[in-house]
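Visitor: Sequence below, structure please.
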Amino acid sequence: MRFEVPAPMRARLAEYEGFHRSSANELCHFIGIPSIVVGAASLLALVSFGAGAGHRISLAELVAAAIILFYVAQARWLGVVTGALLAAFVLVGRALPWTAGLALFLAGWALQFVGHARYERRSPAFLKNLLHLLVGPAWLVERAFERGAH
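Guide: Alright, predicted model coming up:
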C-alpha cells in the first residue's frame, strides 16, 4: 500500500529509498531505526521541564511533538501512522533506564552503519540531507504497509 503523500515528501521518500536497495540493509534499518528512536526518547526524557496533571513533561515529548507535526504536515496519513508509532516508541523509551536507552541508541546506529557499509556499500542518506533522519521512520512505515499488501 502506498500512501497518498504530497510531492515534496514523496520526493524525499523516493530519494531515501535510493539509498536502501539491499534487503539486508533494509532489515538493519527495521531493527536499527526503532532502536535509535526508543533510545533517543529514553535519553531525552532525562531533561525534565516539570509536571502537569500528574505527568512529567520532558524533552522527549517536546521533540516528539515537533516531529509528529512535521510528519502530519508533510506526509498526511503516512504521517499520522508514523507519528502514532513515534509516540508509542517515546512511551517505551521513557519507561527504560537511561543506560538501556543509551545501549539501544548506540546499537541502532551501529546497525545503520553496518547495513550501509556491508550490504548497501553506500553512505547513509542523512549524510546528503539531514532531513532524511526524519524521513527514515516514515519510509519504514510505508515499506511495512507495502510488504503487508503482498
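
Visitor: Could you use CA atoms for every contact and neighbour count after this?
Guide: OK.

Visitor: The lowest-mean-pLDDT helix or strand in the chain - contacts with which helices or strands?
Guide: Among the helical and strand segments of the chain, the one scoring lowest on mean pLDDT, DSSP states H and E is strand 48-52, with a mean of 78. Strand 48-52 sits against strand 55-58, with contacts defined as 3 or more Cα pairs under 8 Å, 6 or more residues apart in numbering; DSSP states H and E.

Visitor: And the strand it packs on, what's buried?
Guide: Within strand 55-58, the residues scored as buried using 16 or more other Cα atoms under 10 Å are 57-58.

Visitor: Following element in sequence after that strand, please.
Guide: Tracing the chain past strand 55-58, the next element assigned as helix or strand by DSSP states H and E is helix 59-95.

Visitor: how far is whichever helix or strand comes after that following helix from where the chain is centred?
Guide: Beyond helix 59-95 on the C-terminal side, the first helix or strand identified by DSSP H and E is helix 98-114. What separates the centre of helix 98-114 from the centre of its chain is 13 Å, taken as Cα atoms, centre = their mean, to the nearest Å.

Visitor: can I get the CA coordinates of whichever helix or strand comes after helix 98-114 in CSV?
Guide: Scanning the chain past helix 98-114 towards its C-terminal end, the next helix or strand to appear is helix 132-149 (assignment: DSSP H and E). What follows is helix 132-149 as a C-alpha-only set of coordinates in CSV (Å, rounded to 0.1, in the frame of the first residue of the first chain):
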residue,chain,number,x,y,z
HIS,A,132,16.5,12.1,6.0
LEU,A,133,16.9,11.5,9.7
LEU,A,134,13.1,12.2,9.8
VAL,A,135,12.3,10.6,6.5
GLY,A,136,13.7,7.2,7.5
PRO,A,137,10.9,6.3,10.0
ALA,A,138,8.2,7.3,7.6
TRP,A,139,9.9,5.2,4.8
LEU,A,140,9.9,2.2,7.2
VAL,A,141,6.2,2.6,7.9
GLU,A,142,5.4,2.8,4.2
ARG,A,143,7.6,-0.2,3.4
ALA,A,144,5.9,-2.2,6.1
PHE,A,145,2.5,-1.5,4.6
GLU,A,146,3.8,-2.3,1.1
ARG,A,147,5.2,-5.7,2.3
GLY,A,148,1.9,-6.4,4.2
ALA,A,149,-0.1,-5.8,0.9
